[in-house]
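Trainee: just a sequence and a predicted model for now, questions to come.
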Amino acid sequence: MPDKVGIGVRDDVGMGRDAMIMAQMSLEYAEKMRRDWDERARSNARHYIADGKTEWSDAEFRASGEATVAEDILTDMVNICQGKNPRDMRVLELGCGAGRVTRAMGQVFGEVHGIDISKEMVAQARAALAQSPNVFIHHGDGLTLNALGDIRFDFAYSCCVFHHISSYEVIASYVADVARRLEPGALFKFEVQGCTSLKTTVGDTWLGVPFSEQQAREMAERAGFELRYHVGEGEERFWLWCFRRGE
Ligand SMILES: C[S@@+](CC[C@H](N)C(=O)[O-])C[C@H]1O[C@@H](n2cnc3c(N)ncnc32)[C@H](O)[C@@H]1O
């Protein structure tokens, strides 16, 4: 990492050289994430999305999304809706893949937006969700939510996505981006890798960086969230309940 490179040196437009190097590295990493996930989507999207099985029928894949929503969302409506009617809520799924969970979210919430870095995944999700008029799938740049324009959300969710990102900076930047788009008090429920003994390497697109509770809390606070609850500290699936601060 270029943490000692060019600190304090500024170019003509005022960006520090170390920041420029970080930005360039992020762009190169985003390109690699896109290539790798496009390749996975082409070879067997459903297997890479939910690796419990190699072959999934449409019905099984749909049922697995419904099971995820039943487990992660329908059991948690007090935190997620905070008194709102889910049909009046606009929600985001970050890293929506082929629309496995997005479809099931569309059966619960009024308007659902999914975003993913992989064009192939996006194409599969759009095809699968063509009959779901309240679900919108966006192709993102892998680093930001800019593709969403200025849409704001009442709830955001992400599962099995940050597990695959080997850069703390990219994950933290996404978390901050979600915070800016959530209504005050709203929840971003997501999971990260919690097994801190796990080693990944820079540029890996399968094994993501692990978070301790302290790292997760600091990331949440910096982004403007309160990390109110967490489950699975030290485990592969470390779930975080981050509530947007502010009135
Ligand atoms: C294991 S799949 C999970 C998909 C979906 N969340 C689900 O559970 O059905 C991981 C997804 O994250 C997406 N992804 C990986 N890195 C990403 C990034 N930097 N930005 C957005 N999406 C990303 C991949 O393209 C892939 O669709």
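Mentor: Now that the structure is in, tell me what you want to look at. No experiment lies behind these values; they were computed from the predicted model shown.
Trainee: ok and the residue in this protein nearest the ligand?
Mentor: The chain approaches the ligand most closely through G97 (2.8 Å), counting by CB to the nearest ligand atom. Where you see a C-beta, it was placed from the backbone N, CA and C, and this is true even at glycine.
Trainee: let me see the confidence value for that residue.
Mentor: What the model reports as pLDDT for G97 is 98.
Trainee: show the contacting residues for it.
Mentor: 45, 49, 116, 118, 121, 124-125 (CB atoms under 8 Å, 6 or more residues apart in numbering).
Trainee: quick one: buried residues of the longest strand along the chain?
Mentor: Ranked by residue count and defined by DSSP state E, the top strand of the chain is strand 182-192. Of all the residues in strand 182-192, those buried under the rule 16 or more other CB atoms under 10 Å are 182, 186-192.
Trainee: strands paired with it, and their directions?
Mentor: As defined by DSSP bridges, the strand partners of strand 182-192 come to strand 153-158 (parallel), strand 238-244 (antiparallel).
Trainee: how far away from the center of its chain is the shortest one?
Mentor: Distance of strand 153-158 from the chain centroid (CA atoms, centre = their mean, to the nearest Å) equals 10 Å.
Trainee: ok, and what's touching it?
Mentor: Among residues not part of strand 153-158, those counted as contacts by CB under 8 Å, 6+ apart are 72-73, 80-81, 84, 89-95, 101, 105, 109, 113, 178, 181-183, 186-191.
Trainee: what's the burial count for the nearest residue to F190 once chain neighbours are set aside?
Mentor: Nearest-residue entry for F190: S158, 4.0 Å, with adjacent residues in sequence omitted and distances by CB to CB, 6 or more residues apart in numbering. S158: 23 surrounding residues under other CB atoms under 10 Å.
Trainee: just A125 next, same as before
Mentor: Neighbours of A125 under the rule other CB under 10 Å: 28.
Trainee: for it, give me its contacts.
Mentor: Neighbour list for A125: 96-99, 102, 114, 116, 137 [criterion: CB under 8 Å, 6+ apart].
Trainee: swap in G246?
Mentor: By CB under 8 Å, 6+ apart, the neighbours of G246 are 184-185, 224.
Trainee: listing request: residues of this protein with sub-threshold pLDDT.
Mentor: Scanning the chain for pLDDT under 70 picks out 1-14, 247.
Trainee: so which bits of it are right by the ligand?
Mentor: 33, 37, 48-49, 95-97, 100-101, 116-118, 121, 140, 142, 159-161, 164-165 (CB under 6 Å from any ligand atom).
Trainee: now with 5 Å, please.
Mentor: 33, 37, 49, 95, 97, 100-101, 116-118, 121, 142, 159-161 (CB under 5 Å from any ligand atom).
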